[in-house]
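>>> Got a sequence here, can you model it:
(2 chains)
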Amino acid sequence: MSLDGKLEFIGVTDVGRKRAHNEDSIGSDTGLGIAVLADGMGGYRAGEVASAMAVNMILDDLREGMKHGKIGDVDEETGFCRETLLIKTAIEKANATIFQTAQRQPQCHGMGTTVVAIAFYDDRMSIAHVGDSRMYRLRGGELQQVTSDHSLLQELIDRGFYTPEEAKKSLNKNLVTRAMGIEMAVIPDLQEDIVQPGDLYLMCSDGLTDLVEDDVIHGTLQEYGENIEDAARHLVEKANAAGGVDNISVILVRSLRSFGAQKNWYNKVLDWF
Amino acid sequence: MAGSLVLTLNQSVLGEFSLEKERLLIGRKPENDIQVDNLAVSGQHAAIITILNDSFLEDLDSTNGTFVNGKLVKKHALKHGDVITIGKHELKYVNDEATTDDQDFEKTMIIRPGMASHAAAAAKAEETAPPPPAGVGSQVAAEDMPLGKIQVLSGPGAGKELELKKALITLGRPGVQVAVITRRPQGYFITHVEGKHPLVNGDSIGAQAHALKDHDVVELAGVKMEFFVSV
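Below is the predicted model of the structure:
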């Protein structure tokens, strides 16, 4: 079932004001309802290679994998459904390839990338991420950060050493504790959730969130949300206006109407009620 | 460059300690890195965790407490000039080196997984915890995510328990009131789907996902249930 007409996608990536190259990559397949964003790092221009590899390989694997099996089928063993496991495997495979390439090519040595990948199906979604690129959801006028950064700062906040306010002033801002391409194996965070008509999803690299506060992002999405292309451009402009010190990437997805295939998840309730 | 601590008692300088070690112990007993020989000081009183250029203070459940600039603290991110008081002794935190060039700090750097696991282990209060396997860092595999469960408190299913193993679990009565519980690496969340919003501990949840805490009581479609999670 094509998701065109049920989901609206827009992606914008901008080199920013200070960097010579854009090492972020974004990609999507709107008919299949999948989107991937990656923020590359590494010497010379290797970051570009790593992030592009991540986006392309994950999209290719998902396109192939989604041809087989049942939509939203839950694997009892892991508790995750087919789409989530497909993304997990795709990230693991891409990670191994990026790692091997980094080992073999001197100019790619040390390259890595963050990633956020989402898939929509049956009025729900899978979210996977590695690193500090994020996904937010705007629903009912409230903005919520859905992914939790794999960063030293977030670790310190989680352990009570920093309040979120103190963290903002810290200089340890961009120390990522997990990334693709750094080791042979990687463990992405995996989540599933329901999707409601009217939901607006924002995937972004830290080039946005390091410079633009959550409440400004919220305000921008509320103001321009009717036209997601405008909203995306305004977010990038705000980051550039604040200095544009890093590459800025943004993918916005809006759910227009129900796209439930079987809605098995909805009907499978317990007999206690 | 890491900071340092200057130990004084009644204005006399007793020593200066460079904060190069990841985890530095302060207390009365001799095995501490900084031994403070005073009865008001616990055997193991506090720890300083240092990650790159920053240091963090943690009180180790000491009898008399640890103070920073006169305030009692449990955990504190140290700033240049902070004065830590332990018993009658004072430790001044000195770190006025401007951390490197802006340029470097804006580039995202990957903390090598080994380093991350060290930092994570150092930040853990229990020093006895075995260090994570090399190269794992603080990654939590799906299989290792804390497992939650709900126990029904009322209605026809009273007493029944459900392990929340799936990433997404639907609860309620379709057409009346439905909610989903989702399992994220950082914990479980409940989200309203249809009908009235579910109550958690008596309060209606908002539009977005609501984080569930151990022992929260959820009320949905006339059924009360308690949420449990082992941390």
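>>> residue ranges with poor pLDDT in chain B?
B:1, B:97-107, B:112-144, B:231 (pLDDT under 70).
>>> Determine which residue lies closest to the centroid of chain A.
For chain A, residue A:116 is the residue whose C-alpha lies nearest the centre (Cα atoms, centre = their mean; 2.5 Å).
>>> which secondary structure elements does whatever helix or strand that one lives in contact?
Using DSSP states H and E, residue A:116 sits in strand A:115-121. In terms of contacts (3 or more Cβ pairs under 8 Å, 6 or more residues apart in numbering or on different chains; DSSP states H and E), strand A:115-121 is packed against strand A:34-41, helix A:46-65, helix A:82-104, strand A:124-130, strand A:134-139, strand A:200-204, strand A:248-255. Placement of C-beta: from N, CA and C, glycine included.
>>> Let's have those in CSV, adding mean neighbour count.
Below are the helices and strands packed on strand A:115-121 laid out as CSV (neighbours: other Cβ atoms under 10 Å in any protein chain shown):
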stretch, mean neighbour count
strand A:34-41, 29
helix A:46-65, 22
helix A:82-104, 21
strand A:124-130, 27
strand A:134-139, 22
strand A:200-204, 25
strand A:248-255, 26
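>>> List the contacts of the residue nearest to residue B:9 when sequence neighbours are not counted.
Nearest residue to residue B:9, sequence neighbours excluded (Cβ to Cβ, 6 or more residues apart in numbering or on different chains): residue B:89, at 5.1 Å. With contact set as Cβ atoms under 8 Å, 6 or more residues apart in numbering or on different chains, residue B:89 has these partners: B:7, B:8, B:9, B:14, B:36, B:38, B:41.
>>> So which of those residues wins on neighbours?
When neighbours are taken as other Cβ atoms under 10 Å in any protein chain shown, the top entry among these is residue B:41 (24 neighbours).
>>> any idea which helix or strand carries it?
Assigned by DSSP H and E, residue B:41 belongs to neither a helix nor a strand.
>>> Poorly predicted segments of the stretch 101-250 of chain A, please.
A:171-172.
>>> Tell me the residue of it that sits nearest chain B?
residue A:140 (2.7 Å; Cβ to the nearest Cβ).
>>> State the three-state secondary structure for the closest residue in space to that residue that isn't next to it in sequence.
Leaving out its chain neighbours, the residue that sits closest to residue A:140 by Cβ to Cβ, 6+ apart is residue B:207, at 2.7 Å. Under the three-state scheme (DSSP: H, G, I helix; E, B strand; the rest coil), residue B:207 adopts coil.
>>> What distance do you get for residue B:49 to chain A?
Remark: distance between residue B:49 and chain A (Cβ to the nearest Cβ, to the nearest Å) = 7 Å.
>>> whoops, residue B:75 was the one
Note on residue B:75: its distance to chain A, by Cβ to the nearest Cβ, is 5 Å.
>>> residues near that residue, how many?
Counted with other Cβ under 10 Å, residue B:75 comes out at 18.
>>> And for residue A:154?
20.
>>> Which residue is the nearest non-sequential neighbour of it?
In this structure, residue A:154 finds its nearest non-sequential neighbour in residue A:148, 6.2 Å apart by Cβ to Cβ, 6+ apart.
>>> you'd agree that neighbour is up against residue B:186?
Yes. Under the criterion of Cβ atoms under 8 Å, residue A:148 makes contact with residue B:186 at 4.7 Å.
>>> These two: who's more crowded?
The residue with more neighbours, out of residue A:148 and residue B:186, is residue A:148; 19 against 16, by other Cβ under 10 Å.
>>> which SS state does the residue nearest to residue A:154 fall under?
coil.
>>> hang on, the earlier thing: the residue nearest to the centre of chain A contacts residue A:132, doesn't it?
No. Counting by Cβ under 8 Å, residue A:116 sits too far from residue A:132 to count as a contact (9.7 Å).
>>> Just the CA coordinates for stretch B:87-99, please, in CSV.
This file holds the C-alpha atoms of stretch B:87-99, laid out as CSV (Å, rounded to 0.1, in the frame of the first residue of the first chain):
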residue,chain,number,x,y,z
GLY,B,87,34.2,18.1,57.6
LYS,B,88,36.3,21.2,58.6
HIS,B,89,38.6,20.9,55.5
GLU,B,90,38.1,22.8,52.3
LEU,B,91,39.0,21.8,48.8
LYS,B,92,39.1,24.6,46.2
TYR,B,93,38.5,23.5,42.6
VAL,B,94,40.8,25.3,40.2
ASN,B,95,40.4,25.1,36.5
ASP,B,96,40.7,28.4,34.7
GLU,B,97,42.2,27.0,31.4
ALA,B,98,39.9,28.1,28.7
THR,B,99,38.9,24.9,27.0
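>>> got the buried residues for that stretch?
Of all the residues in stretch B:87-99, those buried under the rule 16 or more other Cβ atoms under 10 Å in any protein chain shown are B:87, B:89, B:90, B:91, B:92, B:93, B:94, B:95.
>>> what does stretch B:48-56 give?
For stretch B:48-56, by 16+ other Cβ under 10 Å, it's B:48, B:49, B:50, B:51, B:52, B:53, B:54, B:55, B:56.
>>> Does residue A:97 touch residue A:57 like I think?
Yes. Assessed by Cβ under 8 Å, residue A:97 is found in contact with residue A:57 at 6.4 Å.
>>> Which one of the contacts of residue B:89 is nearest to residue A:244?
residue B:7 (45.5 Å; Cβ to Cβ).
>>> tell me the contacts of the closest one?
Remark: with contacts taken as Cβ under 8 Å, 6+ apart, residue B:7 is in contact with B:13, B:14, B:15, B:16, B:17, B:34, B:36, B:89, B:90, B:91.
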